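Q: here is a sequence together with a model predicted from it:
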Amino acid sequence: MKKKLFLIAILSTIIFEAFSQSTNRKIYFLADTINISPPNRFLKIETISFFEHHFTFFCKCMPPYKSYTTFSYIDKKGDKKAEIVSKKPDYPYISFKELMDISSEQNSYDLYITEVLPGNKYRTNKVHFVPYRTPIDDGVVVNKENK
């Protein structure tokens, strides 16, 4: 009986460790459009709708290389809003190159973008990659003979 309990305890510990290690690591990127002159910006931050926000990088870096690389976040009703802080958060920020290198590994990390706001304010949001959507080929063929 003691051996069975010992084996169950060991198996439980192994299973617990395996599941606890499956959490995604957190990656942080600093998006600054305030302190960079407009001709040198490679990023556009925009509000798509009342609740959807996009970070669009002017780089066709993701397959199939037909649209700009975009990340988004959605403010859902009842969700906690991202706090605006007066000091730059002390996160280990990655470079743009590192961001593009890891963007293909969508399920192995949680990406947070810290946005620089006017007046030395900062806001950090968890974002998701927006995949390329193939255009819908929709149309009508007009037959000239049926006039």
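A: Great, that's in hand.

Q: ranges for the helices of the chain?
A: Ranges of helices in the chain, per DSSP state H, are 2-20, 96-102.

Q: mean pLDDT lowest where, among the ones you listed?
A: Ranked by mean pLDDT, the helices of the chain end with helix 2-20 at the bottom, a mean of 63.

Q: and the spatially closest residue to residue 85 that is not a sequence neighbour, how far is that from residue 137?
A: Once flanking residues are discounted, residue 85 sits nearest to residue 122: 5.3 Å by Cβ to Cβ, 6 or more residues apart in numbering. Heads up, the C-betas are built off the backbone N, CA and C, glycines and all. Separation of residue 122 from residue 137 (Cβ to Cβ, to the nearest Å): 43 Å.

Q: more neighbours, those two?
A: Ranked by neighbour count (other Cβ atoms under 10 Å), residue 122 and residue 137 place residue 122 first, with 19 against 5.

Q: beta partners of the more buried one?
A: residue 85, residue 116 (DSSP bridges).

Q: from what I can see it touches residue 90, true?
A: No: counting by Cβ atoms under 8 Å, residue 122 sits too far from residue 90 to count as a contact (10.8 Å).

Q: which residues does residue 102 contact?
A: Shown in contact with residue 102 (Cβ atoms under 8 Å, 6 or more residues apart in numbering): 27, 94, 108-109.

Q: could you do residue 91 as well?
A: Taking Cβ under 8 Å, 6+ apart, we find residue 91 in contact with 28, 112, 114, 124.
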